[in-house]
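Trainee: pasting a predicted model and its sequence here:
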Amino acid sequence: MILQLPSIPEWTNDALCTRADPDVFYPSKGRSPVPAQAICANCPVLAQCRAYADRMEGASQWIHGVWGGESVEQRLARRRKEKRAA
């Protein structure tokens, strides 16, 4: 059986996180996501990254770390808020 990994989206070529220490985007429990979010705040592909995390997590996959400027908890809270508003 061959495991097929998803292709890397082209927008990641412009992502600022690719030029930073990856550990910043995966803070250990109790650590702040703020350093990663500061990088995300200036990223030209923030919206694409956030949408990617939403799509991947919506497809029953779990994405750990900061994506699109949001921690896991922040993404879940945003989605709950959006769902209530709909």
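Mentor: Received the coordinates, thanks.
Trainee: tally up the residues packed near the residue nearest to Pro33 when sequence neighbours are not counted, please.
Mentor: The shortest distance from Pro33 to any residue other than its chain neighbours is 4.3 Å, reached at Ser71 (CB to CB, 6 or more residues apart in numbering). In this view, the C-beta of every residue, glycine as well, is placed from N, C-alpha and C. Look at Ser71: counted by other CB atoms under 10 Å, it has 19 neighbours.
Trainee: quick check: Ser71 touching Arg31?
Mentor: No - when contacts are counted by CB atoms under 8 Å, Ser71 is not listed as touching Arg31 (10.3 Å).
Trainee: in this structure, which ranges drop under the pLDDT threshold?
Mentor: By pLDDT under 70, the low-scoring segments of the chain are 1-6, 59-61.
Trainee: can you tell me the centre-most residue of the protein?
Mentor: Residue closest to the mean C-alpha point of the chain, counted by CA atoms, centre = their mean, is Trp67 at 1.4 Å.
Trainee: ok, that residue - contacts?
Mentor: Under the criterion of CB atoms under 8 Å, 6 or more residues apart in numbering, the contact partners of Trp67 comprise Phe25, Cys49, Arg50, Tyr52, Ala53, Arg75.
Trainee: so in terms of bridging, what pairs with it?
Mentor: Beta-bridge partners for Trp67, by DSSP bridges, are Glu70.
Trainee: from Arg31, how far off is it?
Mentor: Taking CB to CB, to the nearest Å as the measure, Trp67 and Arg31 are separated by 16 Å.
Trainee: could you do Arg84 as well?
Mentor: Arg84 sits 29 Å away from Arg31 when distances are taken as CB to CB.
Trainee: please apply the same query to Arg50.
Mentor: Arg50 is 21 Å from Arg31, where distance means CB to CB.
Trainee: and these two? which has more neighbours close in?
Mentor: Arg50 (17 against 12).
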